[in-house]
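Visitor: Sequence first, predicted coordinates after that:
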There are 2 protein chains.
Amino acid sequence: MNMPIETHDPARLDIRLRGFADRAPLAQAWLWLDAVGAAPRYEVVAAKDAAGRILGENITTPTDLPPVDLVLTDGYALRAAATEGAGIYNPLVFTVSEGVPSDVSQPALAHLVSAGVELPPDCDAIVGFSAVSRIAGSQMLTDRLEVLDAASPGDGVAMRGSMIKAGTPVLTAGRRLRPSDLAQIAALGITQALVWRCPRVGLVIAGPKAQAADGLGPMLRALIVRDGGIPEGGIAPEGSGVSLQAAIAAAAEADIIVVAGRSGAGEDDVAAISLAAAGGTLEMHGMAMRPGSSSGLGILGTVPVILLPGDPPACLSAYDLLASRLIRRIAGFSRQPPYRIVTLPLRRKIVSAVGFTDIVPVAVSADGVTPIGSVDRINLAAACRAAGFVVVPETLEGHPAGEIVSIHLYDPV
Amino acid sequence: MNMPIETHDPARLDIRLRGFADRAPLAQAWLWLDAVGAAPRYEVVAAKDAAGRILGENITTPTDLPPVDLVLTDGYALRAAATEGAGIYNPLVFTVSEGVPSDVSQPALAHLVSAGVELPPDCDAIVGFSAVSRIAGSQMLTDRLEVLDAASPGDGVAMRGSMIKAGTPVLTAGRRLRPSDLAQIAALGITQALVWRCPRVGLVIAGPKAQAADGLGPMLRALIVRDGGIPEGGIAPEGSGVSLQAAIAAAAEADIIVVAGRSGAGEDDVAAISLAAAGGTLEMHGMAMRPGSSSGLGILGTVPVILLPGDPPACLSAYDLLASRLIRRIAGFSRQPPYRIVTLPLRRKIVSAVGFTDIVPVAVSADGVTPIGSVDRINLAAACRAAGFVVVPETLEGHPAGEIVSIHLYDPV
């Protein structure tokens, strides 16, 4: 483990024009990111609006489901035993009854029923319309019916509790609610759900820098929403009369602070000293990753702070490998960014540097995967052209052509 | 091809208590769904809000990118040729200049620069801080500098147009905009984007039916949003004093109408005749799929209408295989529902019926895939317990245990 930076020594803190003395390996950053920040908080929301939210408690069935013996298919309800031997050449005649039969010992009674109603008493099966002979020229109820096929007990019905017994856990805490879960929750008679609260992410754009300035905010806001966070702020202090220090301090209302830009070792890279001036401390500054090596991790009060580089492709990689992990954990999501992973052969070698985790953009074709550009010269256009990226761990010098590698794909299915 | 249903014959239209005479194969339904409905429509939105939207036109670079020779890394800009032979034991001395040198023929000039600024004239490389000797005890600019490593032309710089030449297509029509695309679009100086308009989906809940009634609307709204549509309405006429016919007629303002519930052959299944009473026609009613066999496809005016069953798991399957396809196409999305597909061995056989496309919910474990329940007895709890589903085509009687099958996974990554 690297020692925390001694932030009370301004000369030590200010890495401008000197570069990073050492760089934290990604594994160390992840340990820190997995331990820092608030405990999960919950909120109660209308169940009908809870799609995509993370369930904060188990949902169990309050009653048997179905709560009664339920008709599942349209047709005639009857006692299956009474249809024994029925067939095309042996039609069995039933009396159609609309009410409850007065004489329940009379077996050959059939009840016209629709899916969703309670099974009439003394019945245990439904015979569909295709298995009965209909009266020609009439669609109305008839008081006689010929059954042309034998039924088995349970045909077309769901007995009370056969779907779920009362008290059964149906949806467990930590589940990301699917659209169909909303139907399940409603079917249980539940109208509210306890879900993980979406973390508020205070976003400070410490730019503008070069031509990409106005794009960082929209990119990061979309990524934060993807990861279950609520982006707030997005203040670009430069030119607004607000100091970067004040903008960072204002973001401390949130659960997590993300500062994008001004994180490097140039003379205008004031993110780290502005955080210190706002009362924060940096735990790590400089990451053994490319791009994104100027990223930093720190604390302001009790709020975790992530410094991201201002160059958009570096900002994207650093967001995905650092900020995303923290936001997703606090949101109750899985920690990995939500990229599909596929494995394909490399069409050209990837050269990497031992000691750095490299995030290499790649194009994907039917033949395999081709790296786009080199990792220290990634530009935005290459990042947009990439179908995804390959992560080369710090222990490797790269991958030879022909090797099967894992690709994180940017686009959803 | 089946003949269209002759909708002017009320007896032919009303399948209640008679069942479906024939059922349309899914391939026929898809042909219809792929041809019906409005041509794509577009709208102009603020580029910063366009994440996830489908681009309606190519975006090309209006200018070279970078528009000037650009410094990519913090350090000293100089002429690379002048560093030839530099090394730890052969430091080469440069004069640090803050302005443009008056004598450009003097090569040993270095300019302190930050990433993102324009490269000073007559320079072609950046030397980082780690490759120069610094003056001890000072972090301020110095007028002398020892370069300890030879640079190559292009080190740490991006020459004008090296990222993109003016007129190059950067993002092509039909692309679903990623978060990083917003940064790219902003970098091009573009503030508005032409995107596919999200189709309005008029939702009519023709219920309530059994205990699941209130859940259909929330489920379908979440699914429609997932597929790029805007759900509108969600009227449940029953008990509201609005007739189903009036609710369907009111939904004709939308681009697509989805009616959930009352689609079957029971006596209360009035979706089809209500559509006819509203002036619509049914092209197909009854699908060779399980669950979801009571689904229907039709037209009201020029608006495609999809009838879905009211039983939630059947409604989900029919939505995913029918409605999703149409909504996604009109939204500019790929036609397949956005489920990841994985292939795994079956732990237990799946029995299916020739002539029906079966959608079988399955549990997934490390050992493989296990079907949950049988396809004609799917209940909501089983659907929630399922990790995904296997589609058994109508030509197959099922899959034997051990066979490798494709599973559509419900949850995102």
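Guide: Cool, got the structure.
Visitor: packing partners for the strand or helix carrying residue A:221?
Guide: Element membership for residue A:221 (DSSP states H and E) is helix A:213-226. On a contact count with 3 or more CB pairs under 8 Å, 6 or more residues apart in numbering or on different chains; DSSP states H and E, helix A:213-226 meets strand A:200-205, strand A:230-235, strand A:256-260, helix A:312-318, helix B:179-187. Every C-beta, even on glycine, is put in place using the N, C-alpha and C of the backbone.
Visitor: looking at the ones you listed, which is closest to residue A:346?
Guide: Ranking these by proximity to residue A:346 (CB to CB) places helix A:312-318 first, at 19.2 Å.
Visitor: tell me which parts of the stretch 151-300 of chain A are close to chain B?
Guide: A:158, A:163-164, A:168, A:170-171, A:176, A:178-187, A:189, A:209-220, A:222-223, A:225-226, A:264-269 (CB under 8 Å from any CB of the partner chain).
Visitor: Turn the buried ones among the residues you listed into a named PyMOL selection, would you?
Guide: PyMOL command restricting those to the buried ones, with burial defined by 16 or more other CB atoms under 10 Å in any protein chain shown:
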select buried, chain A and resi 158+163+164+170+171+176+178+179+180+181+182+183+184+185+186+187+209+210+211+212+213+214+215+216+217+218+219+220+222+223+225+226+264+265+266+268+269
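Visitor: Please name the residues that touch residue A:88.
Guide: A:148-149 (CB atoms under 8 Å, 6 or more residues apart in numbering or on different chains).
Visitor: Distance of it relative to residue B:77?
Guide: Applying CB to CB, to the nearest Å, the value for residue A:88 to residue B:77 is 94 Å.
Visitor: now the helix holding residue A:221 against strand A:230-235, angle please.
Guide: Per axes from the mean of the first three to the mean of the last three CA atoms, to 10 degrees, the angle that helix A:213-226 makes with strand A:230-235 is 160 degrees.
Visitor: what mean pLDDT does helix A:213-226 have?
Guide: Helix A:213-226 carries an average pLDDT of 90.
Visitor: could you dump it to PDB, C-alpha only?
Guide: Below are the C-alpha coordinates for helix A:213-226, written out as PDB (Å, rounded to 0.1, in the frame of the first residue of the first chain):
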ATOM      1  CA  ALA A 213     -15.200  21.700 -22.300                       C
ATOM      2  CA  ASP A 214     -18.900  21.800 -22.700                       C
ATOM      3  CA  GLY A 215     -19.200  18.100 -23.500                       C
ATOM      4  CA  LEU A 216     -17.800  16.800 -20.100                       C
ATOM      5  CA  GLY A 217     -20.900  17.800 -18.200                       C
ATOM      6  CA  PRO A 218     -23.500  16.100 -20.500                       C
ATOM      7  CA  MET A 219     -21.300  13.000 -20.800                       C
ATOM      8  CA  LEU A 220     -20.900  12.700 -17.000                       C
ATOM      9  CA  ARG A 221     -24.500  13.400 -16.300                       C
ATOM     10  CA  ALA A 222     -25.600  10.600 -18.600                       C
ATOM     11  CA  LEU A 223     -23.100   8.200 -17.100                       C
ATOM     12  CA  ILE A 224     -24.100   9.100 -13.500                       C
ATOM     13  CA  VAL A 225     -27.800   8.500 -14.400                       C
ATOM     14  CA  ARG A 226     -26.800   5.200 -16.000                       C
END
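Visitor: For the residue nearest to residue A:61 when sequence neighbours are not counted, list each beta-bridge partner.
Guide: Take residue A:61 and drop its neighbours on the chain: the residue closest to it by CB to CB, 6 or more residues apart in numbering or on different chains is residue A:164, 4.5 Å away. Judged by DSSP bridges, the bridge partners of residue A:164 are residue A:65.
Visitor: Cheers, nothing more for now.
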